[in-house]
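> Quick one, fold the following:
(2 chains)
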Amino acid sequence: MAAGRPRVGAALGAALLARLGLVLYGLRQDGAMRVRYTDVDYRVFTDAARLVTEGRSPYRRATYRYTPLLAWLLTPNVYLAEVFGKLLFVAGDLAAAVVAYRALRRRGAAAGQACGCCAAAWLFNPLPMAVSSRGNAEALVALLVLATLYFVEGGSVGKAAACYGLAVHMKIYPLTYALPIALHLRSERCGGEGAVDTGCDRKGKFAFVGYLWQLFVKMLNRDVLLFGAVAGSVLAALTVAFYHLYGWEFLEHAYLYHLTRRDIRHNFSPYFYMLYLTAESKWSFALGLAAFLPQLLLLLVPLLLLLLMGLPERTLDQFIPCHVWGYDGPAPSSACHLQTQCDCALVSEEIQARLKTAAVLERLEVSSHLGSWQLSLVLREQVRSPARDIKVCC
Amino acid sequence: MPQAYVQAACQDATVTQELLKEGFHRDLLVKVELGVVGEDAGGCAVAARTHLPPGIYVDPYELASLQQHNLTKAVLIPDVINVEAPEYLATDLLVLLYMEPDPGCSRCFRAALPVHGRYHQPAEESEEALVVLKSPEVLVCCCDNRLSAECWKPTEVEAPCSGKNVSPCQWYSITHKPAYEELILQVPVGLRQHSSLVCVVTLLATVLCSSLILAA
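Numbers count the residues shown, from 1 in each chain, chains lettered A, B, ... in the order given. Next up, the predicted model:
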């Protein structure tokens, strides 16, 4: 729509000015006041970039726990000006908004609505503004995740997988989006891929393991396999290349640290005081695991429910009687034959909306639990649908 | 009599230290007044050597950036410091802080060093742990041997002592140590007896919140 373009342009322009203003203010505050505006991590990035320009490993810098790509990207901080990194993150921020806008438009949202949504949630939201102008690299990961979603929706599985592999390399937690993306890719190809019509017979109980195997096999269609292969190779290539360059230090600081750390100093975490008090006791490992459990449950339980409910009933029928589905048919055999017409578009729209909100919220890090909540809502949508209108994605 | 006079003269130097700001991140301000002892030490570089216990540390990167801006000059021994370790896993630190002349009084020198407290282990009873900072030692680096031997003795210091002269330079410390006061930094710590309550409440809260989310 012609009217949409200038508005988007205006919004982007205003957002850019606001962010540049904050960057300039940050430079002033750093120089004049005791409390610095710039994030401590930005100093760490710059120091690591300086080490890289001297040909050394960025991991010589204490507390540098990121990918070497970031140090490489920020080498102009050393050659040009220290503010280059912040400008790069601001650009990434705006690019993320553009991708989100285009994804919304592709889904069919009106230009004004899409623009308003992006403006309110991201462009003029003070939190992303502050995060990027302070020198935090989150905007780049947000851009990569949104690009993955955009490409997945558009059907370019290869590009999506490349973006996804890069995103996981930069931060580990986009790994949690693998299952929802795989499910979406699976549901895109409706039409009974690999369906075996055995009718609604109750004879023979599948072993649960055999059932899960069938579930797994049904998950894998061509798109999912392509996605997995490309993302896996991108991630593997980057890991191998950097391991070759920087050795064990790279693996330890970029990946392992994040998986095993029990940080007793991050005061904003709800687990801080508990971990601090039990740091040297014999319970500390068990408590560390217990802390991880709620998040794991939040991701797995809805997925499990979705997987259980989302399959053609003829397989499930061995375990769940038909009346649970909310359909009172005349006789078991015909009642079990659910309407399997794929209303994939309807379901996938909901998924996309929630996934995007989840991705955006997750990037803000402060609301990472909200992000998980959105994600679980995605999956609960699927669970609820049998109650209203039995539409199952094949 | 002359002996007492010499001793009294040599004990003329005073060293004071104070911690500015509040909380975990402080500035250690060291002031030295050399008095009579400093008569011969004109033109020498003055430094304070202080031994920091494991409960407190100096961030080497912060120090490097301050040195770049010519605000502070110091040497850390060892120069590799674990900035994230809690107090019980950390080691001592020796700091050689170079001092600048203080315009406030004659033969006065001062320097400031940013220091940070480490997290200490939770305690049984008191809510604060004490970090004791001993008084620093005054050192001078002189390149011509004008210093009186009664007041100054040569010392080994693991930092370079250099001057513009060709003659060899040497570190000296005061023979009669002046009376000193310890400086105490109070660091808040948790109480160990809270641990069961805190664990139960934290885990319950997170489980409750996850259930609320799942039920939504």
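> where exactly do the helices run in the stretch 201-350 of chain A?
Secondary structure of the stretch 201-350 of chain A by DSSP state H, counting those that start in this stretch: the helices cover A:208-219, A:222-246, A:248-250, A:257-260, A:272-277, A:284-309, A:313-316, A:332-335, A:344-363.
> by contact count, what packs against the second one?
Contact partners of helix A:222-246 among helices and strands, from 3 or more C-beta pairs under 8 Å, 6 or more residues apart in numbering or on different chains; DSSP states H and E: helix A:68-73, helix A:157-170, helix A:178-188. Where you see a C-beta, it was placed from the backbone N, CA and C, and this is true even at glycine.
> Show me what from the stretch 201-350 of chain A comes close to chain B.
For the stretch 201-350 of chain A, the contact set with chain B under C-beta under 8 Å from any C-beta of the partner chain comprises A:264-265, A:270-271, A:273-274, A:276-281, A:283, A:287, A:290-291, A:294-295, A:297-298, A:301-302.
> thought A:Phe250 was touching A:Tyr59?
Yes: with contact defined as C-beta atoms under 8 Å, A:Phe250 reaches A:Tyr59; the gap is 6.5 Å.
> quick one, helices of chain B?
B:2-10, B:60-68, B:195-215 (DSSP state H).
> wait, does the longest one contact chain A?
Read it as helix B:195-215. Yes: residues of helix B:195-215 are located near chain A by C-beta under 8 Å from any C-beta, namely B:195, B:198-199, B:202-203, B:205-207, B:209-210, B:213-214.
> Pick out the most distant pair among those.
B:Ser195 and B:Leu214 (28.2 Å; C-beta to C-beta).
> So between these two, which is more surrounded?
Remark: of B:Ser195 and B:Leu214, B:Ser195 carries more neighbours, 20 against 16, as counted by other C-beta atoms under 10 Å in any protein chain shown.
> Tabulate the helices and strands packed on helix A:222-246 (a markdown table), appending distance to B:Pro114 and mean pLDDT.
Converted to a markdown table, the helices and strands packed on helix A:222-246 look like this (distance: least, C-beta to C-beta, whole Å; pLDDT from 0 to 100):
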| stretch | distance to B:Pro114 | mean pLDDT |
| --- | --- | --- |
| helix A:68-73 | 25 | 94 |
| helix A:157-170 | 32 | 94 |
| helix A:178-188 | 44 | 79 |
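> nearest to chain B, of these?
helix A:68-73 (14.9 Å; C-beta to the nearest C-beta).
> Convert the C-alpha atoms of that closest one to CSV, please.
Extracted in CSV, the C-alpha atoms of helix A:68-73 (Å, rounded to 0.1, in the frame of the first residue of the first chain):
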residue,chain,number,x,y,z
PRO,A,68,34.7,-14.6,18.5
LEU,A,69,32.5,-13.3,15.6
LEU,A,70,31.5,-10.4,17.9
ALA,A,71,35.1,-9.4,18.5
TRP,A,72,35.8,-9.6,14.8
LEU,A,73,32.8,-7.5,14.0
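> Flag every buried residue along that helix.
Across helix A:68-73, burial judged by 16 or more other C-beta atoms under 10 Å in any protein chain shown covers A:68-71, A:73.
> And the residue of the stretch 1-150 of chain A closest to chain B?
Closest point on the stretch 1-150 of chain A to chain B, by C-beta to the nearest C-beta, is A:Ala62, at 5.7 Å.
> Quick check: that residue vs B:Val83, distance?
6 Å (C-beta to C-beta, to the nearest Å).
> In chain B, where is pLDDT below threshold?
B:1-11, B:37-38, B:40-41, B:145, B:162-167, B:178-179, B:216 (pLDDT under 70).
> Tell me where it has strands.
Secondary structure of chain B (DSSP state E): strands at B:14-20, B:25-33, B:45-52, B:56-57, B:74-77, B:93-98, B:100-101, B:108-117, B:128-133, B:137-142, B:152-154, B:170-174, B:183-188.
> could you dump the ones you listed to a markdown table with mean neighbour count and distance to chain A?
What follows is these, written out as a markdown table (neighbours: other C-beta atoms under 10 Å in any protein chain shown; distance: least, C-beta to the nearest C-beta, whole Å):
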| stretch | mean neighbour count | distance to chain A |
| --- | --- | --- |
| strand B:14-20 | 16 | 11 |
| strand B:25-33 | 19 | 10 |
| strand B:45-52 | 22 | 18 |
| strand B:56-57 | 24 | 12 |
| strand B:74-77 | 18 | 13 |
| strand B:93-98 | 20 | 15 |
| strand B:100-101 | 14 | 20 |
| strand B:108-117 | 20 | 11 |
| strand B:128-133 | 16 | 13 |
| strand B:137-142 | 24 | 28 |
| strand B:152-154 | 17 | 36 |
| strand B:170-174 | 21 | 30 |
| strand B:183-188 | 15 | 11 |
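> Including distance to A:Asn77, could those strands go into TSV?
TSV is the format used below for those (distance: least, C-beta to C-beta, whole Å):
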stretch	distance to A:Asn77
strand B:14-20	31
strand B:25-33	25
strand B:45-52	32
strand B:56-57	26
strand B:74-77	25
strand B:93-98	29
strand B:100-101	31
strand B:108-117	23
strand B:128-133	36
strand B:137-142	36
strand B:152-154	45
strand B:170-174	39
strand B:183-188	35
